[in-house]
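Q: below: sequence and its predicted model.
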Amino acid sequence: MTRDSLTWFEIPVRDLDRAQAFYTALLAAPMRRETMGDKTLAVFSHAETGVGGCLMAGAGVPEPAIVGTLVYLDAGPSLDTVLERVGAAGGRITTPKVQLPGDMGSFAHIADTEGNRVGLHALA
């Protein structure tokens, strides 16, 4: 049986409202809020059987960092379109678009409003 390597991701944030506005604008997709104990999440849209993830704020959440784990968000169908939204949403591009070999698509890295380094990937 083949399984996805990634099942869930959490991006730590200082200001959940600001971070949620950034990712909603960046990916042009709504996020839903959930509470888990003393933490509040903004959950990325995902297929029920797909990989999911969230922004997480609250007690005990680690400080965002430019180094460390790097998650890649689906920027399809057009990485260029998503990259055009980065600045307006309050982030910055840290690694411009890189074309991967063959039909692997392209990627870029951004810094979000919380200082997290995030990868974006699209097949086109």
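A: Perfect, I can see it now.

Q: where does this structure have low pLDDT?
A: Applying pLDDT under 70 to the chain picks out residues 1-5, 66-67.

Q: so where do the helices sit in it?
A: Applying DSSP state H to the chain gives helices spanning 16-27, 79-89.

Q: tell me the most buried of the ones you listed?
A: Among those, judged by mean count of other Cβ atoms under 10 Å, the one packed with the most neighbours on average is helix 16-27 (a mean of 19). To be clear about C-beta, it is placed using only N, CA and C from the backbone, and glycine gets the same treatment.

Q: same for it, what does it pack against?
A: strand 31-36, strand 39-44, strand 52-58, helix 79-89 (3 or more Cβ pairs under 8 Å, 6 or more residues apart in numbering; DSSP states H and E).

Q: output the ones you listed in CSV; the columns should cover distance to residue 18.
A: Formatted as CSV, the helices and strands packed on helix 16-27 follow (distance: least, Cβ to Cβ, whole Å):
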stretch, distance to residue 18
strand 31-36, 13
strand 39-44, 11
strand 52-58, 10
helix 79-89, 10
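
Q: wait, which of these is closest to residue 64?
A: strand 52-58 (10.1 Å; Cβ to Cβ).

Q: now for the one residue sitting closest to the centre of the chain: which residues touch it?
A: Compute the mean C-alpha point of the chain, and by Cα atoms, centre = their mean the closest residue is residue 73, 5.0 Å away. With contact taken as Cβ atoms under 8 Å, 6 or more residues apart in numbering, residue 73 is in contact with 27, 44, 118-121.

Q: quick revisit: wait, which of the helices of the chain is closest to residue 108?
A: helix 79-89 (5.8 Å).

Q: for the closest one, packing partners?
A: Packing partners of helix 79-89 (3+ Cβ pairs under 8 Å, 6+ apart): helix 16-27, strand 92-99, strand 106-111, strand 117-122.

Q: so what's the gap between that helix and the chain middle?
A: 13 Å (Cα atoms, centre = their mean, to the nearest Å).

Q: list the buried residues for stretch 35-49?
A: By neighbour count on 16 or more other Cβ atoms under 10 Å, the buried set for stretch 35-49 is 39-44.

Q: same question but for stretch 97-104, I mixed them up
A: Quick answer for stretch 97-104 (16+ other Cβ under 10 Å): residue 97.
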